[in-house]
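Trainee: sequence first, then the predicted structure, then my questions.
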Amino acid sequence: MQRIPIRVEIDAAGAPGEIEGDIFAPVAGLAVRPAVLFCFPGGGMNRAYFDIPGPGTFSFVRAMTAQGFVCVTLDHLGTAENFTPADGFALDATAIAAAGATVVRRVAADLRAGRLDEALPALGRFACIGVGHSMGAMIVLLQQSAALLYDAVALLCFTTRGLPEVLTAEELEVASKARREPADYARLAQARFAEPFPSIAPARGGSAAAAGLATAAARLAATAAIQSMLPGNVATEAASLRAPLFLAAGDRDLTGPPHAIPAAFTRCNDVRLVVVAGAG
């Protein structure tokens, strides 16, 4: 596996910013049906989530490149130290998704043409797959709804039910609205987190997996996080999804009953769900 760091400059709401990422490519050749997986981490995580180091841990990108696929792991706008908008609470999930989509288009075009690195030849035609974990899955759904960016979508540990059991009365009231405004999310994020990009506690425990997750900790985009926590967060986008869909969740995840997750994707006729026993 070869790793190629990338940095893409973008214009975010009139302010210059950058999104950093890594391209992981197989050294033994591409799969018979080439695919590039664009991977977005969950809230409070950076792109290292997909390549957790150390014994006893699991690297998503190493597993995928071993099968001949290319992986592009990307940080979310606002979670790296190189971009701080004037109003951090205004950086909601829609803005983060749009910035990520811009990067996906540019990197995909460069991969097809072979413009990124001399060690990586032009890939030509390939399937473009969006992969999102937790809040990152919400971002991928928003991207697909806005622009049909991906040929297929993989959503990990995500549900449109949100986290109603941890919400305040004010948050539940907003969740009950038929129409929510961006100002609702910004107000709730300020009330819960006090700052737009807080650092949250890393995973606890003495396992290798917990230690590995701690190395992937990043700033949390508070306004986008609030949206992911509210019931019905991206229910409309989920219901309109038509691309082939892969769902995975652990039976200890905060998703509610995992087998209820596919019901949100009412227009998708190609769905696979994998539930991992003992995982969360």
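Mentor: Nice, I can see it.
Trainee: roughly how far does the residue located most distally from the centre of the chain sit from Glu173?
Mentor: Ranked by distance from the centre of the chain (CA atoms, centre = their mean), the top residue is Glu118, with 28.2 Å. Using CB to CB, to the nearest Å, Glu118 is found at 56 Å from Glu173. Where you see a C-beta, it was placed from the backbone N, CA and C, and this is true even at glycine.
Trainee: buried stuff in the longest helix along the chain?
Mentor: Taking DSSP state H as the assignment, the helix of the chain that covers the most residues is helix 93-113. For helix 93-113, the neighbour count (16 or more other CB atoms under 10 Å) marks 93-104, 106-108, 110-111 as buried.
Trainee: I'd like the average pLDDT over the strand or helix carrying Ala63.
Mentor: Counting by DSSP states H and E, the element that carries Ala63 is helix 60-65. The pLDDT scores in helix 60-65 average 94.
Trainee: now the angle from the following helix or strand past that helix to helix 93-113?
Mentor: Sequence-wise, the next helix or strand downstream of helix 60-65 (DSSP H and E) is strand 70-74. Strand 70-74 and helix 93-113 are oriented at 150 degrees to each other (axes from the mean of the first three to the mean of the last three CA atoms, to 10 degrees).
Trainee: so what touches strand 70-74?
Mentor: 6, 19-26, 30, 34-41, 47-48, 50-51, 60-61, 64-65, 100, 103-104, 107, 111, 123, 126 (CB atoms under 8 Å, 6 or more residues apart in numbering).
Trainee: just the ones of those residues in strands?
Mentor: Taking DSSP state E, the ones among these that sit in strands are 6, 19-25, 35-40.
Trainee: state the pair within these that is farthest apart.
Mentor: The widest separation within these, taken as CB to CB, falls between Glu20 and Ala35 and amounts to 22.5 Å.
Trainee: what packs against the strand or helix carrying Glu171?
Mentor: Per DSSP H and E, Glu171 falls inside helix 169-175. Applying 3 or more CB pairs under 8 Å, 6 or more residues apart in numbering; DSSP states H and E, we find helix 169-175 packed against helix 182-193.
Trainee: could you give the angle of the helix it packs on to helix 93-113?
Mentor: Relative orientation of helix 182-193 versus helix 93-113 (the same axes, to 10 degrees): 100 degrees.
Trainee: could I get the CA-only coordinates of the helix or strand that helix 182-193 is followed by as CSV?
Mentor: For helix 182-193, the following helix or strand on the C-terminal side (DSSP H and E) is helix 208-214. Only the C-alpha atoms of helix 208-214 are listed here, as CSV (Å, rounded to 0.1, in the frame of the first residue of the first chain):
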residue,chain,number,x,y,z
ALA,A,208,-5.7,-1.4,21.7
ALA,A,209,-8.8,-0.2,19.8
ALA,A,210,-9.5,2.6,22.4
ALA,A,211,-5.9,3.7,22.3
GLY,A,212,-6.0,3.7,18.5
LEU,A,213,-9.2,5.8,18.4
ALA,A,214,-7.5,8.3,20.8
